[in-house]
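Asker: Provided below for reference: sequence and predicted model.
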Amino acid sequence: MARLPRLRLAQQRRFIDQGFLHVPQAIPRFQVDRALRAINHSLGQGRPKEDLAKLNAQSWCPELGGDPVVTDLFNKSPAFEIAEDLIGVGRVQTVGGGQIPPRFPQALDVVEPKQPRGHIDGIGSGTNGIPCGEYHRGFTMLCVVLLSDLPEGDMGNFTVWPGTHELVASRLREQGHGILRHGIPDWDWKDVGIPHHPCTGQAGDIVFAHYLTWHTASPNLSPHIRYAAIFRVRHVDCGKNDLAALTDPWLEFEALQPLLPQAAPAA
């Protein structure tokens, strides 16, 4: 028997238009609490100061990344079937690990937050595990599981520039994706009227974001640590498709392809 979809048609269309989708209360509370307990225990062990830059650029609690207490947040939760409603049933790989990126409060003398600067993943910086001058596309979309409540912005929120997935693909077609060898392109989306959007919500919410959606984490001016687990969700043919999906944004979203606007017929 075919399973019932978890997403409504309107939600699928929203992802097509915006390049991200917020799904409230998708992860059971017991899974959130188990992951938080494990993460806080790990953080309590301390980390050498010289490791902080690498941890912030990659992932904290590396010993937990592949542990089921983290990976089950995607593999054994509604998140997996929701991902299939975007990519395709039977077309989503289980994840082998997750990123744990706590965002700590900034110092008390920081009053005005800096304007966030976005990016797409896979562009080498030297601290993110990819050498400068290299780039690759290793996944299809992000799945961000909120592990703490974020009632407002400037709390370390996962932040997106809505609709930029199509614009990024368009610019990479025009300029060639080789420009990514030079680092994150200096694209300011204000020039096309797109402001950044900090994702608010509650622990247990999920935000899915297209690989090409410009994103970042907002500054954290709250008194609380921002907790989340981030998964790089892969289409089963992600490796074979490789860089082709940088300029063909819907190549790996087979569930959404029938919903895409069709070109007008020739006169």
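Answerer: On my side now, so go ahead.

Asker: alpha carbons only for contacts and neighbour counts from here, please
Answerer: Noted.

Asker: Tell me where the stretch 101-250 of the chain has strands.
Answerer: 141-146, 158-160, 197-198, 206-210, 215-217, 228-233 (DSSP state E, counting those that start in this stretch).

Asker: Nearest to residue 183 among these would be which one?
Answerer: Smallest distance to residue 183 across those (Cα to Cα): 15.2 Å, for strand 215-217.

Asker: Summarise which helices and strands that closest one is packed against.
Answerer: strand 158-160 (3 or more Cα pairs under 8 Å, 6 or more residues apart in numbering; DSSP states H and E).

Asker: tell me the helices in the chain, going along the chain?
Answerer: For the chain, applying DSSP state H gives helices covering 9-18, 29-43, 52-57, 68-75, 78-87, 164-175, 238-241.

Asker: Now tabulate the ones you listed in CSV and tack on mean neighbour count, mean pLDDT and distance to residue 146.
Answerer: Below are the helices of the chain laid out as CSV (neighbours: other Cα atoms under 10 Å; pLDDT from 0 to 100; distance: least, Cα to Cα, whole Å):
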stretch, mean neighbour count, mean pLDDT, distance to residue 146
helix 9-18, 16, 98, 18
helix 29-43, 16, 97, 8
helix 52-57, 14, 85, 17
helix 68-75, 22, 98, 10
helix 78-87, 22, 98, 12
helix 164-175, 17, 97, 22
helix 238-241, 14, 97, 25
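
Asker: center of this structure - which residue?
Answerer: residue 142 (3.3 Å; Cα atoms, centre = their mean).

Asker: hey, what's that residue bridged with?
Answerer: Counting by DSSP bridges, residue 142 is bridged to residue 209, residue 232.

Asker: quick one: least confident helix or strand in this structure?
Answerer: Every helix and strand of the chain was ranked by mean pLDDT, DSSP states H and E. The lowest is helix 52-57, at a mean of 85.

Asker: Please enumerate residues in contact with that one?
Answerer: 101, 127, 128 (Cα atoms under 8 Å, 6 or more residues apart in numbering).

Asker: One more: stretch 238-248?
Answerer: For stretch 238-248, with Cα under 8 Å, 6+ apart as the criterion, the contacting residues are 136-140, 169-170, 172-173, 177, 212, 251-252.

Asker: go again using 10 Å as the cut-off
Answerer: With Cα atoms under 10 Å, 6 or more residues apart in numbering as the test, stretch 238-248 has contacts from 91-93, 135-140, 165-166, 168-174, 176-177, 211-212, 235, 251-252.

Asker: do stretch 35-43 as well
Answerer: 29-30, 33, 44, 60-65, 67-73, 100, 102, 147-148, 227-229.

Asker: ok, now which ones touch the residue lying closest to residue 90 once chain neighbours are set aside?
Answerer: Leaving aside its sequence neighbours, residue 90 sits nearest to residue 84 (Cα to Cα, 6 or more residues apart in numbering; 7.1 Å). For residue 84, the contacting residues are 5, 6, 7, 90, 91, 92, 93, 235, 253, 254, 255, by Cα under 10 Å, 6+ apart.

Asker: Most neighbours out of these, which is it?
Answerer: residue 235 (25 neighbours; other Cα atoms under 10 Å).

Asker: For residue 194, the count of nearby residues, please.
Answerer: For residue 194, the count of nearby residues is 14 (other Cα under 10 Å).

Asker: Any figure for the gap between it and residue 63?
Answerer: Residue 194 sits 38 Å away from residue 63, going by Cα to Cα, to the nearest Å.

Asker: And residue 131, by the same measure?
Answerer: 23 Å.

Asker: more neighbours, the two?
Answerer: Neighbour totals were compared for residue 131 and residue 63, and residue 131 leads with 13 against 10 (other Cα under 10 Å).

Asker: Grab the nearest non-local neighbour of that one.
Answerer: residue 124 (4.9 Å).

Asker: Got the confidence number for residue 264?
Answerer: We have a pLDDT of 42 for residue 264.

Asker: likewise the one 3 residues further on?
Answerer: With respect to pLDDT, residue 267 scores 39.
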